[in-house]
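Visitor: A predicted structure for the sequence below; I have some questions about it.
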Amino acid sequence: MKNMKTKLESLIDKDRLPNHIAIIMDGNGRWAEKKNVERIRGYEEGIKSARAVARACEELGVRNLTLYVFSVQNWKRPADEVRFLMEMLKQYLLNERDSLIKNDIRLNAIGRTHELPPDVHKALTDTIKETGHCQLMNLTLALSYGGREEIIDAAKQIATDDKINIEDIDQATFSRFLYAHDLPELDLLIRTSGEMRLSNFLLWQIAYAEIYVTRTLWPDFRKRHLVKAILNYQRRERRFGLIGEQARKVRIKF
């Protein structure tokens, strides 16, 4: 199996890697149901997947990874489950901090992070601060995040900024007010568990992203699955609204 993985990875064109990959990590609950174990076991295994995928991106040379960890809508889940998820998030941040620094991975977060419990928020801000000097890779966690909420919050900020004239508002101006304003364009969105929807994730940023859906449940997702997604991405022709011949000329020029 190890040789098979190595052979598969060797097919990746390192000159055409997606610069920014985002993942909707779906299927934790269904994984637990299939295993006939408590739902929390699915989330615990999901943490292992997050760790493995971050390391895989680093090894492959992907510079930016964004993980959809907790949505605005997730606050409506049963209180016990939310408390468990928040505690698990805090422990992840505390336990992974040294590893992130050692591997030169900078942590970021997007979303209404002020809504997190105080102890979780502190663990998050401390980890972001302590990894701020890291440069090899950016790992962004979407926490208390919603794509529509991001756009609404950006619009509110613009509306109350008296330095901006309405005539001057364009895509670049609007992007500066998004949670993810300092992230590069999204190249590849991966969704696990086979669901065919965006679930209110990165609605602005996904405009020209390639979408890859796998039936693999998130707790089972590992490096080999990521490699398959990247290979699928590299077989596609990204045209950005142009015809194929135009897009190829643009790539050659730049």
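Guide: Received it, and whenever you're ready, just let me know what you need.
Visitor: What ranges does the stretch 51-200 of the chain have for its helices?
Guide: 79-102, 118-130, 147-159, 171-175 (DSSP state H, counting those that start in this stretch).
Visitor: Output the below-cut-off pLDDT ranges for the stretch 1-150 of the chain.
Guide: For the stretch 1-150 of the chain, the stretches with pLDDT under 70 are 1-6.
Visitor: what do you get if the cut-off is 50, keeping everything else the same?
Guide: 1 (pLDDT under 50).
Visitor: where exactly do the strands run in it?
Guide: 20-24, 64-71, 105-110, 137-145 (DSSP state E, counting those that start in this stretch).
Visitor: packing partners for the last one?
Guide: Using 3 or more C-beta pairs under 8 Å, 6 or more residues apart in numbering; DSSP states H and E as the contact criterion, the neighbours of strand 137-145 among helices and strands are helix 39-60, strand 64-71, strand 105-110. (C-beta placed from N, C-alpha, C; glycine too.)
Visitor: Can you lay out the helices of the stretch 51-200 of the chain as a markdown table showing mean neighbour count and distance to L217?
Guide: Shown next, in a markdown table, are the helices of the stretch 51-200 of the chain (neighbours: other C-beta atoms under 10 Å; distance: least, C-beta to C-beta, whole Å):
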| stretch | mean neighbour count | distance to L217 |
| --- | --- | --- |
| helix 79-102 | 15 | 17 |
| helix 118-130 | 15 | 25 |
| helix 147-159 | 15 | 23 |
| helix 171-175 | 12 | 33 |
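Visitor: Now tabulate these in TSV and tack on distance to E195.
Guide: Formatted as TSV, those follow (distance: least, C-beta to C-beta, whole Å):
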stretch	distance to E195
helix 79-102	19
helix 118-130	27
helix 147-159	16
helix 171-175	28
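Visitor: contacting residues for F221?
Guide: Applying C-beta atoms under 8 Å, 6 or more residues apart in numbering, we find F221 in contact with 25, 49, 52-53, 192, 214.
Visitor: ok, the residues you listed vs F70, which is closest?
Guide: Compare each of the contacts of F221 with F70 using C-beta to C-beta and the shortest gap goes to M25, at 10.1 Å.
Visitor: Now for the most centrally placed residue in the chain: which residues touch it?
Guide: What sits nearest the mean C-alpha location of the chain, by C-alpha atoms, centre = their mean, is T66, with 2.0 Å. Counting by C-beta under 8 Å, 6+ apart, T66 touches 20-23, 110, 140-142, 180, 183, 186, 202.
Visitor: go on, K228?
Guide: For K228, the contacting residues are 8, 214, by C-beta under 8 Å, 6+ apart.
Visitor: just how off-centre is the helix or strand containing it within its chain?
Guide: Element membership for K228, per DSSP states H and E: helix 223-234. With C-alpha atoms, centre = their mean, to the nearest Å as the basis, helix 223-234 stands 15 Å off its chain's centre.
Visitor: looking only at pLDDT, what's the mean for that helix?
Guide: Per-residue pLDDT values over helix 223-234 give a mean of 97.
Visitor: Beta-bridge partners for the residue nearest to the centre of the chain, please?
Guide: A22, T140 (DSSP bridges).
Visitor: Offset the numbering so it begins at 554, please.
Guide: In the new numbering, first residue 554, that becomes T619.
Visitor: In the stretch 704-807 of the chain, where is pLDDT below threshold?
Guide: For the stretch 704-807 of the chain, the ranges with pLDDT under 50 are 803, 805-807.
Visitor: Distance of R569 relative to P631?
Guide: Using C-beta to C-beta, to the nearest Å, one gets 44 Å for the distance from R569 to P631.
Visitor: repeat for D679
Guide: Separation of D679 from P631 (C-beta to C-beta): 29 Å.
Visitor: Nearest to V780, out of the helices of the stretch 604-753 of the chain?
Guide: Per C-beta to C-beta, nearest to V780 of the helices of the stretch 604-753 of the chain: helix 632-655, 21.9 Å.
Visitor: rewinding a little: would CSV of the contacts of F774 with neighbour count and distance to Y596 be doable?
Guide: As requested, the contacts of F774 are arranged in CSV below (neighbours: other C-beta atoms under 10 Å; distance: C-beta to C-beta, whole Å):
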residue, neighbour count, distance to Y596
M578, 22, 10
S602, 25, 10
A605, 15, 15
V606, 24, 15
T745, 26, 14
T767, 19, 19
